[in-house]
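> What follows is a predicted structure for the sequence shown.
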Amino acid sequence: MTRPAWRGNAVLPACAASLLVLASVGRADAVDCALEPQGEGRVAAVIDGRTLRFDDGREVRLVGIEQAGTDKTRNHAALAAIAGGRDVTLHGEDDTPDRYGRQGAFVFVTGSEHSVQSELLRRGEALFSADISEKNCAAALVAAEGAARDAKLGIWADTTAIKNTESPGDILSAIGHFVVVEGRVLSVRQAGAITYLNFGRNWTRDFAATISRRIIPAFESANLGPKSLENRKIRVRGVVSSRGGPRIELLRVGQIEVLGGK
């Protein structure tokens, strides 16, 4: 039985399996994301690059993705081109509303095999957020983003789409935004309850990713113990903050991807 479409969840905690999908190849379709139906509706308005309003007043937040870059007009237009004025169905693991009353869900335009999230990622108009625990859904989104990145579509046509840890000022300019960063971990240090993956030698200027002690076991279970990352080139994704130099807090293992060998 379809549960009431008023309930939703914007963020689903990710488990260690999220990391494993980063190298997976999957189809971004309903079979790969066979979650419980959570209602349907017609899109009356696109509020932003991740949020829809239905003609009955409900608001739906697209889970599994983040808006790409800082161009809100572009993000809005990309979502409107796919879902604006369309009949859609909703799927998800939980339909409890977020604090703003928005239902979090995977959204499918009626008759399409691909979720709206996957379509945005395929066009290079969104970023995988790594907050999806259902591994097939996560794999589908990862594959869609990877295809766009390889083809240099959308944001990936810009050589600065992936931030370089050797340019901390560029990363800091994206403070408050979700970004993708690549670089080599030079050292791993612990200070109190926080472990730092340092990508430079000056903690007041250079980029670092941080991991709280309480979630270290999840990283170790995924063969991503912090010490094992030393001298490795990795890709991290998350929201940029500033504590000395630019920082990204790692809350789930899917935020890290090891690139090649040492």
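That came through, no problem. Numbering: from 1, shown residues only.
> When you work out contacts or count neighbours from here on, use the C-alpha atoms and nothing else.
OK.
> Low-confidence stretches in the stretch 151-262 of the chain?
261-262 (pLDDT under 70).
> Would you mind finding the longest helix in the protein?
Assignment by DSSP state H gives helix 135-151 as the longest helix of the chain.
> Output it as CSV, restricted to C-alpha atoms.
Extracted as CSV, the C-alpha positions of helix 135-151 are listed here (Å, rounded to 0.1, in the frame of the first residue of the first chain):
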residue,chain,number,x,y,z
LYS,A,135,23.6,0.5,-2.5
ASN,A,136,21.8,0.0,-5.9
CYS,A,137,20.4,3.5,-5.8
ALA,A,138,23.8,4.9,-4.8
ALA,A,139,25.5,2.9,-7.6
ALA,A,140,23.1,4.3,-10.2
LEU,A,141,23.8,7.9,-9.1
VAL,A,142,27.6,7.3,-9.0
ALA,A,143,27.5,5.8,-12.5
ALA,A,144,25.5,8.7,-13.8
GLU,A,145,27.8,11.3,-12.4
GLY,A,146,30.9,9.4,-13.6
ALA,A,147,29.5,9.2,-17.2
ALA,A,148,29.0,13.0,-17.3
ARG,A,149,32.4,13.7,-15.8
ASP,A,150,34.1,11.4,-18.3
ALA,A,151,32.2,13.1,-21.2
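> who are the neighbours of it, in terms of helices and strands?
Helix 135-151 sits against helix 17-20, helix 116-122, strand 126-128, with contacts defined as 3 or more Cα pairs under 8 Å, 6 or more residues apart in numbering; DSSP states H and E.
> which stretch among those comes nearest D56?
For the helices and strands packed on helix 135-151, the distance to D56 is smallest for helix 116-122, at 19.9 Å, taking Cα to Cα.
> how far out from the middle of the chain is the longest helix of the chain?
On the basis of Cα atoms, centre = their mean, to the nearest Å, helix 135-151 sits 11 Å off its chain's mean C-alpha point.
> who does the helix or strand just after that helix pair up with?
As assigned by DSSP states H and E, the chain's next helix or strand after helix 135-151 is strand 162-164. Take DSSP bridges as the rule and strand 162-164 pairs in its sheet with strand 178-184 (parallel).
> tell me the contacts of E40?
E40 sits next to A5, D87, V88, T89, L90 when contact means Cα atoms under 8 Å, 6 or more residues apart in numbering.
> Contact partners for the last one?
Put plainly, it is L90. Contacts for L90 (Cα under 8 Å, 6+ apart) come out as P37, Q38, G39, E40, A105, F106, V107, F108.
> sec struct for it, please.
Judged by DSSP: H, G, I helix; E, B strand; the rest coil, the three-state class of L90 is strand.
> For the residue nearest the centre of the chain, which non-adjacent residue is closest in space?
Centroid-nearest residue in the chain: S129, 0.8 Å away (criterion: Cα atoms, centre = their mean). Distances taken as Cα to Cα, 6 or more residues apart in numbering place I65 nearest to S129, at 4.6 Å, with adjacent residues excluded.
> and the longest strand for this structure?
Scanning the chain for the strand with the most residues, using DSSP state E, yields strand 36-48.
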